[in-house]
Each structure stands twice: as structure tokens, then as C-alpha cells.
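Asker: This is a predicted model, with the sequence first.
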Amino acid sequence: MDRVDRIEDLSEAECLRLLSTVPIGRVVYTEHALLRVLPVPFHLGADGRLALAMLPGGSPARALDGTVAAFQADHLDEAARTGWSVLVHGPAALVRDREQHAELLRTGPRLWLAGQEPMFVRLTAELVSGRRLRGPDEEPRFAHAATPRGQVTGG
């Protein structure tokens, strides 16, 4: 039986490090007052913002523009019963600047559908949280609760 003490909260730094190790996550947003969840290729920039590759002309990119969205990525090992999950909340905006768009075409995430140039949405990570399910013999590595970026904790 799994024990609850195998679950640990991750620091923001560890969450961002883990995000940089996977190419696909899920963006969560509202469209016509309904929650939508869409798997998307993404890239974590050096500035801590996520770049999401979206289908051109698609309604998800337009629905995300100017809203607050959530993004989740994870990695699970079914055989070992271990893994992690990271959740990011923050404002999302369609990349309209031609130079930024061109840079993302060179260095950013790629659509899974070949032959289409993506639209890009930037998501600024204002609240970052994550959890890891350790193996039964692993020692805890991190124990930090999530805090909004820039917020000071403690007293």
C-alpha cells in the first residue's frame, strides 16, 4: 500500500526545472463559459514564461488571449509508481510581435502536425506548484509550498 508521506510539495525552482524536461502539457482555459483542456507542445523560456504552440486560426489561441489560464505537465512511471506533476497559473497572451514570433519559430515548440506554422501563446507563470510521488525508498528532496512569484513568505 502507498503511504501519503511519499508525496512531497516541490519548490518553484524544481517545478520549473521539471517543466523543462517534457515537451507536452495541457493548457486549461474557458471558452463559452466551459472549461477546456487541450494538450499542447510547449517550451519554457529563460525568462520563466511558457510558449505554447497552437494551431493557426484555432479558437483556443483566441480564447486564451488576454485571460488567466492554467497549465499542467507531468511525468509518470507506472511500473515504479513514481512521478511528478506541475501546475502553473498566470496571464496568457497571443504573440503578435513579428520578431518574437520569428524567434519562437526558430527556437520554440513545434506542432505535431507537420507543415503548419503555429500561433504562439505566452503564459506568464505567476503561481507555480508541484508535487512528486517518490519511490518507496527515496528520501525527500524538497518541501516547499507554492507561493505566487515575487511574494515573500515567512514572518
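Answerer: All right, it came through fine. Numbers count the residues shown, from 1 in each chain.
Asker: can you give me the helices in the chain?
Answerer: Along the chain, counting by DSSP state H, helices occupy 12-19, 59-64, 98-107.
Asker: Please write out the alpha-carbon positions of the first one in PDB.
Answerer: Written as PDB, here are the backbone C-alpha positions of helix 12-19 (Å, rounded to 0.1, in the frame of the first residue of the first chain):
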ATOM      1  CA  GLU A  12       9.200  26.700  -7.600                       C
ATOM      2  CA  ALA A  13      12.700  26.200  -8.900                       C
ATOM      3  CA  GLU A  14      12.300  22.400  -9.000                       C
ATOM      4  CA  CYS A  15       8.900  22.800 -10.800                       C
ATOM      5  CA  LEU A  16      10.400  25.000 -13.500                       C
ATOM      6  CA  ARG A  17      13.400  22.500 -13.900                       C
ATOM      7  CA  LEU A  18      10.900  19.600 -14.300                       C
ATOM      8  CA  LEU A  19       8.800  21.600 -16.800                       C
END
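Asker: Which residues in that helix does the neighbour count mark as buried?
Answerer: E12, E14, C15, L16, L18, L19 (16 or more other Cβ atoms under 10 Å). All C-beta atoms are positioned from the backbone trio N, CA, C, and that covers glycine.
Asker: export the helices of the chain to TSV and tack on mean pLDDT and distance to G45?
Answerer: Shown next, in TSV, are the helices of the chain (pLDDT from 0 to 100; distance: least, Cβ to Cβ, whole Å):
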stretch	mean pLDDT	distance to G45
helix 12-19	96	10
helix 59-64	90	17
helix 98-107	95	9
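Asker: Among those helices, which comes closest to G90?
Answerer: Proximity to G90 (Cβ to Cβ) singles out helix 59-64 among the helices of the chain, at 11.2 Å.
Asker: Which strands or helices does the closest one pack on?
Answerer: strand 24-31, strand 34-44, strand 50-54, strand 82-94, strand 119-123 (3 or more Cβ pairs under 8 Å, 6 or more residues apart in numbering; DSSP states H and E).
Asker: mind redoing it with 6 Å?
Answerer: Under the contact criterion of 3 or more Cβ pairs under 6 Å, 6 or more residues apart in numbering; DSSP states H and E, helix 59-64 touches strand 24-31, strand 119-123.
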